[in-house]
Each structure stands twice: as structure tokens, then as C-alpha cells.
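Trainee: missing the sequence, but the structure's below:
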């Protein structure tokens with residue numbers, strides 16, 4: 001008997017069956033919507049855009065409530081509450097825009 005680990009898509013809630021989808025937390029359709037989401041990137045540096053995309057691809061940002069997410073730090077030791085306009089990470093506390101906020105914007109735009 002094979003023991004299959006099922007998780008749900010972080011965007012739509014459907015059951016994920018492929019190993020790749022389970023690893024990222026998003027099914028192929030939702031992942032495509034997220035990649036194609038139109039978000040204003042003008043206020044972000046290239047490394048922040050790359051980090052936001054990696055955060056999403058790694059499944060390291062998880063919806064908590066309608067516009068609030070839990071994001072994992074780069075080194076995986078901390079978690080932050082983030083939204084499109086605020087974040088509890090050190091940069092967000094200082095009032096700077098961080099890549100966690102951008103990732104939240106990208107997910108909400110999808």
C-alpha cells in the first residue's frame with residue numbers, strides 16, 4: 001500500500017497530487033496565474049523581485065487571512081506577518097518596502 005502525502009493549493013485549496021506541486025504549494029494553473037500576475041514593480045529593486053518570486057516558488061509565503069500572509073525569512077529561522085502594505089520583518093518595521101510585501105502583492109494580483 002502506497003502512502004501518498006496530499007496537500008492543498010495555497011491559492012485555490014484544491015488537492016495537489018504531483019510532487020512538484022506539493023513542493024511549491026501551488027498547482028500548475030495557480031502557479032501560471034501567479035507568474036503572469038501584473039504587479040507594479042517600479043518601487044522594487046531587482047534583487048527584491050527575484051527574492052519575492054523565490055519566496056512564492058518555495059511555498060514560503062502562506063495565506064493567513066484575506067490580505068495577510070505568513071512569510072518565512074531567507075534563512076528559514078524567522079516568520080513574519082506580511083501584507084501588501086506592511087511587514088513585521090526588520091525592513092518592514094523600519095518602513096521600507098520588502099520583498100515579503102511584493103510577494104503578497106503578487107499572490108493577491110493572481
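Mentor: Thanks, I have the structure now. The structure presented is a predicted model; accordingly, all values stated were derived computationally and were not measured.
Trainee: got any ranges where the protein has weak pLDDT?
Mentor: Applying pLDDT under 70 to the chain flags the ranges 1-6.
Trainee: and if we set it to 80?
Mentor: Residue ranges of the chain with pLDDT under 80: 1-7.
Trainee: what about the strands in it?
Mentor: 7-8, 15-16, 61-63, 69-72, 79-83, 86-87 (DSSP state E).
Trainee: Domain ranges for this structure, per the record?
Mentor: For the chain, the structural domains run 1-36, 40-109, going by automatic domain parsing.
Trainee: Buried deepest among those domains, which one?
Mentor: Burial of those is given as mean neighbour count (mean count of other Cβ atoms under 10 Å); domain 40-109 ranks first at a mean of 17. C-beta coordinates here come from the backbone N, C-alpha and C atoms, glycine included.
Trainee: And that one, how far out from the chain middle?
Mentor: 7 Å (Cα atoms, centre = their mean, to the nearest Å).
Trainee: got the end-to-end distance for it?
Mentor: One end of domain 40-109 to the other measures 10 Å (Cα to Cα, to the nearest Å).
Trainee: what do you get for stretch 72-80?
Mentor: Using Cα to Cα, the two ends of stretch 72-80 sit 6 Å apart.
Trainee: Now do that stretch: everything it contacts.
Mentor: 51, 55, 58, 60, 61, 70, 71, 87, 88, 89, 92, 100 (Cβ atoms under 8 Å, 6 or more residues apart in numbering).
Trainee: out of those residues, which one sits closest to residue 109?
Mentor: If you rank the contacts of stretch 72-80 by distance to residue 109 using Cβ to Cβ, residue 61 comes first, at 13.5 Å.
Trainee: quick one: contacts for the nearest residue to residue 10 once chain neighbours are set aside?
Mentor: Distances taken as Cβ to Cβ, 6 or more residues apart in numbering put residue 25 closest to residue 10, at 4.4 Å, once the chain neighbours are dropped. By Cβ under 8 Å, 6+ apart, residue 25 lies in contact with 7, 9, 10, 16, 59, 62.
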